[in-house]
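# I would like to see how this sequence folds:
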Amino acid sequence: MKRLKIIFLLFFLVAGNILLFTSPAVKADVKASPAELVITMPDGYPDDKIQYKIKITNPYSAQMNVKSKIINPFDLTTNFTNVPDLSWITISPENLRVPPNSYGELEVTIIIPEDEKNKQYNKSWEAWAYLAPKVDGSATNVAIQTQLAIRLYIHTPSGTMTSKTISTPPNFYILIGIIIGSLVILMISSYLRKKKNIKYNQAAMFYVKKKGNKDRKDKKI
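Residues are numbered from 1 along each chain as shown. Prediction:
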């Protein structure tokens, strides 16, 4: 009986070691680089969008599917804050297919809206590129899945907030032009009417005066 127990114990030890060494080490093999991205803007906000690439390595003999998205950190690094709006950062594609024993690339894009740039000087933001690679082994029928996170450290330019100049819409100038034009037309029209009335009055007076002189002359005769 004791010998039988020893045989079973040895069997389980050997079987456990075989399973341990034949199981893939997911965390050690699936790699994403760089492990973190530090983004600075020493020359001010760029005119174009900011883009960086993340490389995902698939060491397996089966295709790997990677789901990705941008999230707020579970634990913020000291002196960093969350991005005011996560929609300013995108990662594409959201679903990446990486061929066996190969690698694929994800692209991180940062676009800060124009009306927000003036408010966001001297900021330090942290966001995570969350990655969920999944490998389906057709031979073993086993799904291997892990989770990775790339830290994004974003430093906005140094500067001070300036008062925003209010831009005048083009329609405003058109309206002003119409008003000024209408006033000019009214003034010209009024002037012409007055001038016409003056001529009419002068003609009437001349006619009355001439007629009056004629009557006096006829009476004297």
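
# helices along the protein, start to end?
2-22, 26-29, 114-117, 170-220 (DSSP state H).

# buried set for stretch 103-114?
When burial is assessed from 16 or more other CB atoms under 10 Å, stretch 103-114 yields the following buried residues: 104, 106, 108, 110, 112. Quick note: C-beta positions are derived from backbone N, CA and C, even for glycine.

# where among the helices of the chain is average confidence lowest?
When the helices of the chain are compared by mean pLDDT, helix 2-22 comes last with a mean of 46.

# separation between Tyr103 and Thr78?
Tyr103 is 33 Å from Thr78, where distance means CB to CB, to the nearest Å.

# err, Leu106, not the other one
27 Å.

# the residue nearest to Ile89 when sequence neighbours are not counted pairs with what?
Closest residue to Ile89 apart from its sequence neighbours, by CB to CB, 6 or more residues apart in numbering: Ile70 at 4.7 Å. Beta-bridge pairing for Ile70 (DSSP bridges): Ala129.

# for Trp125, same thing?
Thr81, Ile154.

# make 507 the starting number, not 1.
Understood, numbering begins at 507; the last thing we discussed is Trp631.

# share the number of residues neighbouring it, please.
Counted by other CB atoms under 10 Å, the residues lying close to Trp631 total 22.

# hang on, it packs against Ile616?
No. Contact status for Trp631 versus Ile616: not in contact, 9.6 Å apart, counting by CB atoms under 8 Å.

# any shared contact partners between the two?
Residues touching both Trp631 and Ile616 (CB atoms under 8 Å, 6 or more residues apart in numbering) are Ile660.
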